[in-house]
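Enquirer: Give me coordinates for this.
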Amino acid sequence: MSATDLRSILADPEHSGAYFIDVRDTESMAQAGEALDYAVLRVDLAGCNDKADLMQRFAAAGQFPDWFGGNWDALADALADLSWRPASGYLLLVEHADGWRAAHGECFDTLLDILNETAFRWAGNHTAFWALLPFPAELLAALED
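Expert: Below you'll find the predicted structure:
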């Protein structure tokens, strides 16, 4: 897919949400988001041990304010606000999420729900919010089964 095609897709808030992508597409997605002047936030979950660690990583990547409470509700509130990170759109790259999913399946599902609900809320304001989860190709194929 060309860079123009990626930008065209990412520019449409009606289709934004949480999506699994091939890990090989991570950098091209980040570049497309930057070309659209989106805030590109990278959350690296490599070695993430627990929910508290997950919250800290999201807070650091998003430069969340001091009021961030470090729980699911606070994560949903912070992602739905982002007033301290004004941008024409948002692109989260939640990297190495495959390990988190394998170790914390129920929490992973909760995170996906929050990311999708956040995208829906932003789309209501005509603002794109993409949460992309790069997975190795072989794991993507397993997700499709």
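
Enquirer: going forward, measure contacts between C-alpha atoms and count neighbours the same way
Expert: Fine.

Enquirer: and the helix or strand where residue 30 lies, average pLDDT?
Expert: For residue 30, the element it lies in under DSSP states H and E is helix 26-35. Averaging pLDDT along helix 26-35 yields 94.

Enquirer: give me the number of residues near the residue lying closest to residue 6 once chain neighbours are set aside?
Expert: Computed as CA to CA, 6 or more residues apart in numbering, the closest residue to residue 6 that is not its neighbour in sequence is residue 32, at 6.2 Å. Counted with other CA atoms under 10 Å, residues neighbouring residue 32 total 23.

Enquirer: where's residue 32 relative to residue 99, distance?
Expert: Residue 32 sits 26 Å away from residue 99, going by CA to CA, to the nearest Å.

Enquirer: List the contacts of stretch 30-48.
Expert: Applying CA atoms under 8 Å, 6 or more residues apart in numbering, the external contacts of stretch 30-48 come out as 3, 6-7, 10-11, 54, 57-58, 61-62, 85-97, 99-100.

Enquirer: and the spatially most central residue of the chain, helix, strand or coil?
Expert: Nearest to the mean C-alpha position of the chain, counting by CA atoms, centre = their mean, stands residue 131 at 2.6 Å. At residue 131 the chain is in strand, as set by DSSP: H, G, I helix; E, B strand; the rest coil.

Enquirer: again, but for the one 3 residues further on
Expert: Per three-state DSSP, the secondary structure class of residue 134 is strand.
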